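Novice: have a look at this fold, sequence not included:
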């Protein structure tokens with residue numbers, strides 16, 4: 001969440017609907033919307049579709065996509081975080097061009113047209129009481145009907161996130177450790193199916 005400097009919110013039109021463009025982070029967007037911009041509280045917050053998957057404990061807690069949803073949960077609103085796995089070459093193309101190659105865009109649209117309605121039907125009513133986040137990761141697959149499987153957050157962790165480059169540093173993962181259990185979000189996505197992991201921030205402080 002932005003702590004220093006101004007945030008700018010601009011009213012825009014999207015297909016005839018009033019919307020807002022915010023200069024800050026995803027968490028900024030949600031907090032501003034709930035308490036400052038909207039006439040009434042939303043029923044649900046949907047964040048994404050993120051370019052790249054958000055799986056494993058360390059990755060979801062450093063994710064802006066998931067962070068927006070946790071901000072909604074703090075306010076007592078359920079949320080849905082959506083992320084799309086990509087092939088490395090597709091991610092690199094997106095990182096350089098901020099667009100997908102035509103064949104990639106066609107494949108991802110076909111997948112989302114099938115998966116998003118099923119996710120909405122299956123998960124949105126499950127998160128309302130108590131208000132939780134469903135962290136959903138969609139696989140990169142040519143299969144038209146991947147199954148939605150409820151998973152747990154894998155105990156997957158990263159190490160260094162930066163490398164030195166000509167006197168400064170740039171983002172680059174050195175290595176990660178992946179939880180190999182079949183019931184984890186990472187392994188389900190690797191199997192070609194959609195992982196759906198419920199995150200309940202109210203459970204974090206409970207004694208074990």
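Specialist: Looks like it came in fine. In this text, all values refer to a predicted model and were calculated from it rather than measured experimentally.
Novice: when you work out contacts or count neighbours from here on, use the C-alpha atoms and nothing else.
Specialist: Will do.
Novice: show me which residues of the longest helix belonging to the chain are buried.
Specialist: Secondary structure of the chain read by DSSP state H shows that its longest helix is helix 102-123. Of the residues in helix 102-123, 108, 111, 112, 115, 119, 123 count as buried by neighbour count, 16 or more other CA atoms under 10 Å.
Novice: residues in contact with it?
Specialist: Contact with helix 102-123 is made by 90, 134, 140, 141, 142, 144, 145, 146, 148, as judged by CA atoms under 8 Å, 6 or more residues apart in numbering.
Novice: now do the helix or strand residue 10 falls within: distance to the chain's middle.
Specialist: Here residue 10, judged by DSSP states H and E, is contained in strand 9-14. Distance of strand 9-14 from the chain centroid (CA atoms, centre = their mean, to the nearest Å) equals 22 Å.
Novice: right, and the helix or strand after it?
Specialist: Next along from strand 9-14, by DSSP H and E: strand 17-22.
Novice: show residues contacting the helix or strand that comes right after that next one.
Specialist: Per DSSP H and E, the first helix or strand lying C-terminal to strand 17-22 is helix 26-32. By CA under 8 Å, 6+ apart, the surrounding residues in contact with helix 26-32 are 1, 2, 22, 45, 64, 65, 67, 68, 69, 71, 72.
Novice: one more time with 6 Å
Specialist: 1, 64, 67, 68, 71 (CA atoms under 6 Å, 6 or more residues apart in numbering).
Novice: can you give me the strands in the chain?
Specialist: 9-14, 17-22, 45-51, 79-84, 133-138, 148-150, 157-158, 162-165, 168-171, 176-177, 194-199 (DSSP state E).
Novice: if you compare the ones you listed, which one is most tucked away?
Specialist: strand 133-138 (a mean of 29; mean count of other CA atoms under 10 Å).
Novice: what strands line up against that strand, and which way round?
Specialist: strand 79-84 (parallel), strand 194-199 (antiparallel) (DSSP bridges).
Novice: next, the angle from that strand to helix 102-123.
Specialist: Angle between the axes of strand 133-138 and helix 102-123 is 140 degrees (criterion: axes from the mean of the first three to the mean of the last three CA atoms, to 10 degrees).
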